[in-house]
Structure formats: structure tokens, C-alpha cells
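> everything below, folded, please.
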Amino acid sequence: MVRTLRERIEQHDNDYSLIEPFIDPSPISTTIIIPVYNQAELFSSTWKVLARQDELNKNPNQFQVIVVNDGSEEDIDSIVESNEFPLKPNYIKLQHNTGRSRARNTGIKESVHELIVFLDSDVLVPNGFFQAHWKIHNAALEKRSKAAVVGLAENIEQYDPRLRQSVNSKTINPDPKKDFRVYDDGRDWYPCRRGSRLLNESRYLKDFPVPGFSLPEMVVTHNASIRKQLLDEIGGFEESFKGWGLEDTHLGAKMIGAGAYIIPARETAVFKVQHPPRDGGNLGEQCRNNLAIYNRLLDQPV
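Residues are numbered from 1 along each chain as shown. Have a look, this model is predicted:
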């Protein structure tokens, strides 16, 4: 008898070959949830690029966009209220900073569509992004399977000229091969780990565990898509995590525990803009504290 979430993860088979190939890009009604805390200039770039996205402009009635202002001290209002966006967003303004988990859960409660796409307020989304995610979810639905789709990212710095070029250009081309799950030298992890080519080593996440890594760690919500039904089933994000780290890993653990496949969207990637911590805190300390919470949650009875 499986007693804990950790045991469910250990027994999970993530071989999603049964639902391949991913070929049907038919639109799925989609809610986009973007939590925002300060860094208004970065969010303005995210917003401008998203406003140009082809599918959003072709099928605005298929979308709902929810921006959750998580107690920002900077002017987020004027960015969201600009007239350049192709549909009227739902703008939720929280009085105090509550953290990313609660901000995202607030957005989930207001969502009305079948699929939820989580985007961070510092990512730039290319054309073709939504179709790549829809293909996987359409295939999973056809096979009556649960799936969470995790997007890839190319990290760029705030001073990188490609940031300004992406905002001013009609097309952007993030490189999926620059994602840490494609190749990583191990130095950016806490604690430091071996260099890895995780997608190759795991047959695109089908074979886990990979030595030194767990499948929940592959779930990063700076761009990810999950059916609302699955999010409601698992109860959304755990709100006891504070600061940076592990809330999306724990979401991945709960989805795996519910029998969902974790599938990478290999056809696309976003630009993820690197920046100092929004709250000025110590990321290492926050991660250590959250890792302790995460391990306790894995070992609780389910």
C-alpha cells in the first residue's frame, strides 16, 4: 500500500509513449495566469511581446488573461491597462505581497477555461508557443490521460541586446537547446550537482529517476500548462513555501502523485530574463528552508 507522496513518485512510470505523436494543434480554451511583483520594466516587456502573439490575436475569444499584482510597489496598473492588448485582461490587485503560490492560486480560482498556462512576468513568449502546448494536451485527452506540459527556456540577462530586440521585433527565437534540462553544467543548482543532459538521459523525461535528479524537479512553472481539472484535483499550489524555490517542484510532485505524465514542450521555448531577487532576500537561505518544507510534505500520508 502506497502511504506517502514520495512513494507514489517512486512508483510512477512517466513513459508517455502511448499518447504520442503530438500532431493536433487545435485550439483549447486557455487561461493565462501571470503573477507580478515589482520589476515593472521587465513585466512591460513580457506584456508587449505577449500582446503580439499570433494565436492570441487570431482567437482572442479562446483566451482569458489573468494578471495578479501581488502587492507591487511599482506601477503595474498602467501596463495592464494599456490599449495595446488584444483582449481585456482580468486584473487582480492584492494589497500585500502574498507569495507566488497564493498569487497563482488566486488566478486559478478566477479561471474559466479548460487549460491553464502559467507564465512568469519576466518571460518572452514566441509565436507557436500555444500550439506546441495544445498538441500535447489534445493527444493526452484523446487517450484519456492526465498530462502536465513543461516549457523550456533560454536564460538571458537584463542587459542582453536581444531583450530590446525582442520587444521591438515581430519575431523572437529563443533556443530550446539552452534550457537546463537539455544541457546544464551543474553549477546553478543548490546544492551543486554533476553536469547533465537530462532530456537525452531520460528519453525526454520518459525514464526517471535519473541519478541525482528527480522528476518533480523537471516541473518549472515560468512557462507550463495544466488542465484546470487536474489543478482542482490536487488543490493548486502549496502556500507554505516562502520566497524562492520548490513550490513548482511540489506542484509537480502532486501531479505525479495523481498519475499525470510530465511532458516537455520540445518545439518551443521562451526567453527568461535573469534579474536580482525581487524581495532582496537570500536565495540560498530561502531554498534551504523551502527544501525542508518540501521533504516534510513528501513524507506526509496521502
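> state which strand of the protein is the longest.
strand 261-274 (DSSP state E).
> give the buried residues for it.
Tyr261, Ile262, Ile263, Pro264, Ala265, Arg266, Thr268, Ala269, Val270, Phe271, Lys272, Val273 (16 or more other CB atoms under 10 Å). Glycine gets a C-beta too; all of them are placed from N, C-alpha and C.
> show me what whichever helix or strand comes after it is packed up against.
Helices and strands here follow DSSP states H and E; after strand 261-274, the next one along the chain is helix 283-298. In this structure, helix 283-298 makes packing contacts with helix 5-11, helix 247-257, judged by 3 or more CB pairs under 8 Å, 6 or more residues apart in numbering; DSSP states H and E.
> how far does helix 283-298 sit from its chain's centre?
In terms of CA atoms, centre = their mean, to the nearest Å, the gap separating the centre of helix 283-298 from the centre of its chain is 19 Å.
> stretch 204-217 now?
18 Å.
> pull out the buried positions in it.
So, applying 16+ other CB under 10 Å, buried residues of stretch 204-217: Tyr204, Leu205, Lys206, Phe208, Val210, Phe213, Ser214, Leu215, Pro216, Glu217.
> can I get the residues you listed in CSV with secondary structure, pLDDT and distance to His12?
Shown next, in CSV, are those (DSSP: H, G, I helix; E, B strand; the rest coil; pLDDT from 0 to 100; distance: CB to CB, whole Å):
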residue, secondary structure, pLDDT, distance to His12
Tyr204, coil, 98, 16
Leu205, coil, 98, 11
Lys206, coil, 98, 12
Phe208, coil, 93, 8
Val210, strand, 91, 14
Phe213, strand, 89, 14
Ser214, coil, 94, 10
Leu215, helix, 97, 7
Pro216, helix, 97, 10
Glu217, helix, 94, 14
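> and the residues you listed, which is closest to Ala103?
Distances from Ala103 to the buried residues of stretch 204-217, taken as CB to CB, are shortest for Pro216 (20.8 Å).
> residues touching Tyr16, list them.
Contact analysis of Tyr16 by CB atoms under 8 Å, 6 or more residues apart in numbering lists Ala140, Ser145, Ala147, Lys206, Tyr261, Ile263.
> what is the burial count for the second one?
So that's Ser145. By the criterion of other CB atoms under 10 Å, Ser145 has 16 neighbours.
> please read off the pLDDT at it from the model.
At Ser145, the model reports a pLDDT of 98.
> so it sits against Leu18, correct?
Yes. With contact defined as CB atoms under 8 Å, Ser145 counts as touching Leu18 (7.3 Å).
> show me where the stretch 101-250 of the chain has helices.
For the stretch 101-250 of the chain, the helices defined by DSSP state H, counting those that start in this stretch cover 129-142, 161-168, 198-201, 228-234, 247-257.
> give me whichever of those helices is most buried.
Sort the helices of the stretch 101-250 of the chain by mean neighbour count, taking mean count of other CB atoms under 10 Å, and helix 247-257 sits at the top with a mean of 24.
> who's in contact with the residue nearest to the spatial centre of the chain?
Closest to where the C-alpha atoms of the chain average out (CA atoms, centre = their mean) is Thr221, at 1.9 Å. Contacts for Thr221 (CB under 8 Å, 6+ apart) come out as Arg104, Phe118, Asp120, Glu247, Asp248, Leu251.
> which ones are touching the first one?
Applying CB under 8 Å, 6+ apart, one finds that Arg104 lies in contact with Ile33, Pro35, Val68, Phe118, Thr221, Gly236, Phe237.
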